[in-house]
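K.L.:
got a structure for you, letters missing:
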């Protein structure tokens, strides 16, 4: 007879103090393999649109990570596992958006509309709490649950599932009475979802605000995609450049100074456009807004793009879009956002989007040539 320290029941390892650690390491490994398979299928010769790729990730990868999350969420091994799960999410997002590994993870979650693994685990635990509360004391699970909750209230069982859940519910004032009475509110699952969403949204907004002077500059001003950009593929190089600008992943002086320690002495107002200074002009801050909408070195490309967009619109009214074309902030939203495309018909939207992608591709090709005069050979992120 074989003797083992662990055994697997319903897909989860049991039998030793480190069984949860073994289980979480195994599912993270399996999920990463599945993530790479999904990415390999999605990229293809004709890549899938971003929204479809994200849907495949949610359907094929995320369930592997979240199996029994309502149980293991309290364990000490969960913290390390959640970091691995977070990296799986962000690595997938960076792959389908063709971004470098240095892109902030907050951008990936907000841009693709992905929930953080921590948020999903908190929701699962709160939903399980609601189900356990509905079990009467005659049920073994209900009896054990209430007994453990009473121990937690008495200051005991500090490392238990119930103790973790009490801390989780303490951050939402409306849940205090739920814990005390062991009785969930009406529509408990919806309330749990809303409470976790609001909590993590506040955390996300704080992170974006703290990095608004760096790589998350565009995201802090324009916000995440509303959907139109995600329903397109990144086959066009200009579409990839758009997302790289949104993620702060291209070598503008604004992002270079924010990401390199040797240039952190440069205050935001001093990160001026070197291309403008080269021609003796007053330099504005060298960020995505200046590059696309202000920099005189690319004025001809910019004007040609706007003329072509006007021709593509034809007799289409689109008052918000036409008004946006007449001022800097509007063009900023037009070139890098998708909030103005809602008033366009699908065929007109595709034409306008292709014009913008062509503009971004031509602009960045020209900018790369001009920028090479200020950087080390082969490294556009290192100034001479």
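P.N.:
Nice, thanks for sending it over. Every value quoted in this text rests on a predicted model; they were computed, and no experiment measured them.

K.L.:
Within the helices and strands, which one has the residue nearest the centre of the chain?
P.N.:
Central residue of the chain (CA atoms, centre = their mean): residue 109, 1.5 Å from the mean position. Taking DSSP states H and E as the criterion, residue 109 maps to helix 105-112.

K.L.:
what is the mean pLDDT for the helix or strand just after that helix?
P.N.:
Remark: after helix 105-112, the chain's next helix or strand is helix 117-134, criterion DSSP H and E. Summarised as a single mean, pLDDT over helix 117-134 is 93.

K.L.:
ditto for stretch 218-232
P.N.:
Mean predicted lDDT for stretch 218-232 stands at 87.

K.L.:
Residue 142 touches residue 129, doesn't it?
P.N.:
No - counting by CB atoms under 8 Å, residue 142 sits too far from residue 129 to count as a contact (11.9 Å). All C-beta spots, glycine's among them, are computed from the backbone N, C-alpha and C.

K.L.:
Compare these two and say which is more crowded by neighbours.
P.N.:
Between residue 142 and residue 129, residue 129 has the larger neighbour count (other CB atoms under 10 Å), namely 26 against 17.

K.L.:
Now the more buried one: closest residue in space that isn't a chain neighbour?
P.N.:
residue 165 (5.7 Å; CB to CB, 6 or more residues apart in numbering).

K.L.:
thought that neighbour was touching residue 74?
P.N.:
Yes - shown here, residue 165 and residue 74 form a contact pair, counting by CB under 8 Å, at 7.4 Å.

K.L.:
intersection of neighbour lists for these two?
P.N.:
residue 125 (CB atoms under 8 Å, 6 or more residues apart in numbering).

K.L.:
out of those two, which sits in the busier spot?
P.N.:
Looking at residue 165 and residue 74 with other CB under 10 Å, you find the greater number of neighbours at residue 165, namely 24 against 19.

K.L.:
pLDDT averaged over the helix or strand containing residue 205 - what is it?
P.N.:
Using DSSP H and E, the element containing residue 205 is helix 188-210. The average pLDDT for helix 188-210 rounds to 91.

K.L.:
So which bits of the helix or strand just after that helix are buried?
P.N.:
Later in the chain than helix 188-210, the nearest helix or strand by DSSP H and E is helix 217-222. Residues of helix 217-222 classed as buried by neighbour count (16 or more other CB atoms under 10 Å): 217-219, 221-222.

K.L.:
coming back round to it: kindly calculate the angle that the helix or strand hosting the residue nearest to residue 129 makes with helix 188-210.
P.N.:
Using DSSP H and E, residue 165 maps to helix 161-170. Interaxial angle, helix 161-170 versus helix 188-210 (axes from the mean of the first three to the mean of the last three CA atoms, to 10 degrees): 60 degrees.

K.L.:
need the helices for the stretch 251-384 of the chain, in chain order.
P.N.:
Using DSSP state H, counting those that start in this stretch, the helices of the stretch 251-384 of the chain run over residues 253-259, 274-278, 288-293, 299-313, 319-324, 328-336, 346-371.

K.L.:
If you count neighbours, what's buried in the helix holding residue 165?
P.N.:
Under 16+ other CB under 10 Å, the buried positions of helix 161-170 are 161-166, 168-169.
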